[in-house]
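J.: Starting from these lines, generate the structure:
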Amino acid sequence: MVGRANNWNHRLFVQASGEIKACGYELMMVNAYYDKLSEVVRDAEVSKLPFGVIHAEKDIGFYLGGDEEDRQEALRLFRINCAVGRAVGAEKLVLHLWSGRRSDEALDKNLSVLSSLYEAAEEAGLLLLFENVPCAFHDPVTNLLRVKASRPDAKFVYDVRFGAFHEQNELIVSSGALESGDIAHLHISDYIGPAHDFSSLRPILHLGQGIIGLEALLPRIAARYTGSVTLESPEILVDSVAVDAINRDLDYIRRIFSAAECNQF
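T.: This next block holds a predicted model:
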């Protein structure tokens with residue numbers, strides 16, 4: 001709901017939130033917020049909206065794969081993101097451990113600071129979750145298993161669109177990760193396709209409009225998973241929020257996750 005088209009105007013979302021049939025929200029940190037961070041945090045606090053999840057700014061993964069100076073910058077930004085999460089009352093923090101701009105080529109460098117990432121998140125009272133971000137060198141599940149090898153207590157967020165990109169949705173459903181709690185959050189949107197084509201990652205489609213086959217996939221996920229879900233179908237308008245389109249997608253999720261209620265994140 002907030003993006004370049006509306007000049008990252010978070011207040012549009014706050015104003016429209018009363019019409020949106022969501023249990024809570026995932027706050028996406030973006031570069032544009034750093035210059036007005038106190039304003040964004042104040043408006044989030046005053047709104048009293050439930051921000052159960054914060055998504056860390058995506059360039060952190062880019063800096064993590066760089067040299068030592070870049071990694072220190074990544075940790076500085078990550079601590080700021082953690083502080084914002086704590087301020088708005090979030091319980092979970094989503095991180096792109098590697099970046100689309102640098103991909104997973106330097107994953108060893110990224111993994112070398114895991115302990116620092118966990119320390120910052122734990123100090124802020126946040127559960128750190130690593131996302132299955134598209135890769136150019138390996139694949140997300142292989143990379144996240146490397147995280148798990150380093151941190152047996154690691155938890156993850158699974159994005160079904162990214163899963164479709166790498167053709168790993170079937171693998172995740174059959175892996176036991178949904179039942180075990182290793183996957184502690186979901187991102188749901190649809191995918192234009194085809195698989196393994198980086199140009200197909202945009203546009204992000206509304207539910208049921210893409211190639212994933214959500215009508216078949218989501219019931220199988222819902223039968224195995226009881227955690228939180230974020231709808232990620234963008235509707236970024238210049239001076240308003242596409243409430244009807246967003247609510248249609250939320251209704252789609254509720255219909256399939258029929259036992260879901262607005263519980264704690």
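J.: contacts, neighbours, all on C-alpha from now
T.: Will do.
J.: Any stretches of this protein with poor pLDDT?
T.: 259-265 (pLDDT under 70).
J.: hey, where'd the strands end up in the stretch 1-150 of the chain?
T.: Remark: strands assigned in the stretch 1-150 of the chain by DSSP state E, counting those that start in this stretch are 25-28, 51-55, 92-95, 127-131.
J.: who's in contact with the third one?
T.: Contacting residues not belonging to strand 92-95 are listed as 52-58, 61, 82, 85, 121, 126-131, 157, 265 [Cα atoms under 8 Å, 6 or more residues apart in numbering].
J.: one step back: single out the most deeply packed of the strands of the stretch 1-150 of the chain.
T.: Mean neighbours per residue, mean count of other Cα atoms under 10 Å, is largest over these for strand 92-95, with a mean of 25.
J.: Identify the residues contacting the residue nearest to residue 228 when sequence neighbours are not counted.
T.: In space, and not counting its chain neighbours, residue 228 is closest to residue 185: 5.1 Å by Cα to Cα, 6 or more residues apart in numbering. Applying Cα under 8 Å, 6+ apart, we find residue 185 in contact with 129, 156, 157, 158, 227, 228, 229, 230.
J.: one more time with 7 Å, if that's ok
T.: Going by Cα atoms under 7 Å, 6 or more residues apart in numbering, residue 185 touches 156, 157, 158, 227, 228, 229.
J.: Likewise for residue 205?
T.: Applying Cα under 7 Å, 6+ apart to residue 205 gives the contacts 189, 190, 191, 192, 233.
J.: Give me the distance between it and residue 193.
T.: 10 Å (Cα to Cα, to the nearest Å).
J.: Same check on residue 167?
T.: If you go by Cα to Cα, the gap between residue 167 and residue 193 works out to 11 Å.
J.: repeat for residue 127
T.: 32 Å.
J.: what's the closest residue to residue 232 other than its chain neighbours in contact with, if anything?
T.: Excluding the flanking residues, the one nearest residue 232 by Cα to Cα, 6+ apart is residue 189, at 5.2 Å. Counting by Cα under 7 Å, 6+ apart, residue 189 touches 160, 161, 204, 205, 206, 207, 231, 232, 233.
J.: Can you flag which of these belong to strands?
T.: residue 231 (DSSP state E).
J.: Quick one: buried ones out of the contacts of residue 189?
T.: 160, 161, 204, 205, 206, 207, 231, 232, 233 (16 or more other Cα atoms under 10 Å).
J.: Out of these, which comes closest to residue 223?
T.: residue 160 (15.5 Å; Cα to Cα).
J.: and the closest one, what is it in contact with?
T.: Residue 160 touches 169, 187, 188, 189, counting by Cα under 7 Å, 6+ apart.
J.: Which ones among these lie within helices?
T.: Taking DSSP state H, the ones among the contacts of residue 160 that sit in helices are residue 169.
J.: Need the buried ones from the contacts of residue 160 selected in PyMOL.
T.: The PyMOL selection below is limited to those of the contacts of residue 160 classed as buried (16+ other Cα under 10 Å):
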select buried, resi 169+187+188+189
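J.: Mind putting the contacts of residue 160 into TSV with distance to residue 111?
T.: Shown next, in TSV, are the contacts of residue 160 (distance: Cα to Cα, whole Å):
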residue	distance to residue 111
169	24
187	23
188	26
189	28
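J.: between the contacts of residue 160, which is nearest residue 25?
T.: Comparing those against residue 25 with Cα to Cα places residue 187 closest, at 11.9 Å.
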